[in-house]
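*Asks:* generate coordinates for the sequence data below:
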Amino acid sequence: MIDPAFTGMACATLALIFLASAWGKARHPRWFAGALREYRLLPEVALWPVALAVPALEAAAALGLLAAPLRPLAAALALALLVVFSAALGLNLARGRRDIDCGCWGPAARPGALSGWLLARNAALAALAAVLLMPPAGRDLVWVDFLTIGLGTVALLFVFGAIDRLIAQAPALADLRHRHEEIR
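*Replies:* Just a heads-up that it's a prediction; the model follows:
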């Protein structure tokens, strides 16, 4: 059994991450269809329907996580989406195709090359979703729990954002490291 305060933090964090991801894709479906095209996993005829379906599914997972009766189904959907996204990333990494945008956040986000770090990030999010499939402990929340949920969610989102930026900047950092070694 999972403490309900942790469940609340996990739900809020995943919901906000999935909503942000869905928002960027839904606002720019042509861009997202182009990002999907770069993965070279779907036939051309499927790109547009998938580009419309993915943000809708992400939004459904996010909103479902916020409604207790829908939480197990929403957590399973979030987990399934993360598995599919990770499989697409992994296949392209195995093919040596690193220089494509992950398609995670929309065109406003700086594109970064695919890397194993994205798989690790997705694995952490998938673990969070998997935890939500477990029943919460049967105790009532008190005021300090709501404070914990709010502040914990903010902290988790800051950590996630920092890790995501580091992953996006990894190729530039590697290039700087290489240049520095050449100068020495």
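
*Asks:* what is the burial count for residue 13?
*Replies:* Residues lying near residue 13 (other Cβ atoms under 10 Å) number 22. Heads up, the C-betas are built off the backbone N, CA and C, glycines and all.

*Asks:* what's the spacing between it and residue 145?
*Replies:* 15 Å (Cβ to Cβ, to the nearest Å).

*Asks:* what's the answer for residue 83, then?
*Replies:* Taking Cβ to Cβ, one finds residue 83 at 31 Å from residue 145.

*Asks:* tell me which of these two has more neighbours.
*Replies:* The neighbour count for residue 83 versus residue 145, taken as other Cβ under 10 Å, is higher for residue 145 (18 against 14).

*Asks:* who does the stretch of helix or strand that one belongs to touch, helix- and strand-wise?
*Replies:* Here residue 145 is covered by helix 143-183, with elements defined by DSSP states H and E. Applying 3 or more Cβ pairs under 8 Å, 6 or more residues apart in numbering; DSSP states H and E, we find helix 143-183 packed against helix 4-27, helix 116-131.

*Asks:* burial count for residue 135?
*Replies:* Look at residue 135: counted by other Cβ under 10 Å, it has 10 neighbours.

*Asks:* could you number the chain from 606 rather than 1 from now on?
*Replies:* Okay, residue one is now 606; in that scheme the one you just asked about reads as residue 740.

*Asks:* could you double-check that it lies in contact with residue 612?
*Replies:* No. Residue 740 is beyond contact range of residue 612, at 9.2 Å (criterion: Cβ atoms under 8 Å).

*Asks:* the helix holding residue 750 vs helix 609-632, what angle?
*Replies:* Put simply, helix 748-788 runs at 60 degrees to helix 609-632, going by axes from the mean of the first three to the mean of the last three Cα atoms, to 10 degrees.

*Asks:* how about the contacts made by residue 632?
*Replies:* Residue 632 is in contact with residue 711, counting by Cβ atoms under 8 Å, 6 or more residues apart in numbering.
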